[in-house]
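> Next one to model:
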Amino acid sequence: MERRLGKNFFLPSFQQIQLSAAGGRDADADRFSKITFGYYGDNPIIGFSSGTLRAEKAAIVRASYGFMVSSAFRLVGEYDHAFVWDSASGFSGASFGGAGIKGLIPGRGRPSSS
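Just a heads-up that it's a prediction; the model follows:
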């Protein structure tokens with residue numbers, strides 16, 4: 001994606017809200033050079049496998065809310081939504097969205113400084 005914008009809001013009691021948006025265009029690209037979505041790409045959308053959705057132009061909005069359930073467990077709910085334009089696939093602002101919940105356990109140790 002060509003343009004990205006995001007903001008994190010840190011709330012009391014170790015709560016956090018994350019909001020972001022991204023948009024881009026790749027006109028006149030062949031099918032291998034189009035914007036792709038998926039878990040392993042630069043543009044992940046929850047619930048979509050890598051390479052199953054391609055676009056000439058796209059806009060993605062993301063939102064997540066996380067909070068500490070206990071001192072050793074964090075719960076995060078997240079939602080991704082993409083608007084996709086691709087003439088070959090017949091998409092003209094088609095809407096694709098996905099939601100998920102994940103649990104995080106803080107690890108011990110420090111990140112390496114290499």
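
> by contact count, what packs against the helix or strand of the chain with the lowest mean pLDDT?
None of the helices or strands of the chain scores lower by mean pLDDT, DSSP states H and E than strand 35-36, at a mean of 84. Strand 35-36 makes packing contacts with strand 54-55 when contacts are defined by 3 or more C-beta pairs under 8 Å, 6 or more residues apart in numbering; DSSP states H and E. Heads up, the C-betas are built off the backbone N, CA and C, glycines and all.

> The strand it packs on pairs with which strands, and in what direction?
Paired with strand 54-55 in the same sheet, following DSSP bridges, are strand 35-36 (antiparallel).

> Which residues does residue 84 form beta bridges with?
Going by DSSP bridges, residue 84 forms beta bridges with residue 58, residue 94.

> what about it, how many neighbours?
Applying other C-beta atoms under 10 Å, we find 22 residues neighbouring residue 84.

> who's in contact with it?
Applying C-beta atoms under 8 Å, 6 or more residues apart in numbering to residue 84 gives the contacts 53, 55, 57, 58, 91, 93, 94, 95, 96.

> Need the per-residue pLDDT for residue 109.
pLDDT for residue 109: 63.

> same question, residue 48
83.

> does it really touch residue 97, like I thought?
No. Applying C-beta atoms under 8 Å, one finds residue 48 not in contact with residue 97, separated by 9.7 Å.

> if you count what's nearby, which of these two comes out ahead?
residue 48 (20 against 15).

> quick one: what helix or strand has that one in it?
Using DSSP states H and E, residue 48 maps to neither a helix nor a strand.

> Can you tell me how far it is from residue 27?
Computed as C-beta to C-beta, to the nearest Å, the residue 48 to residue 27 distance reads 22 Å.
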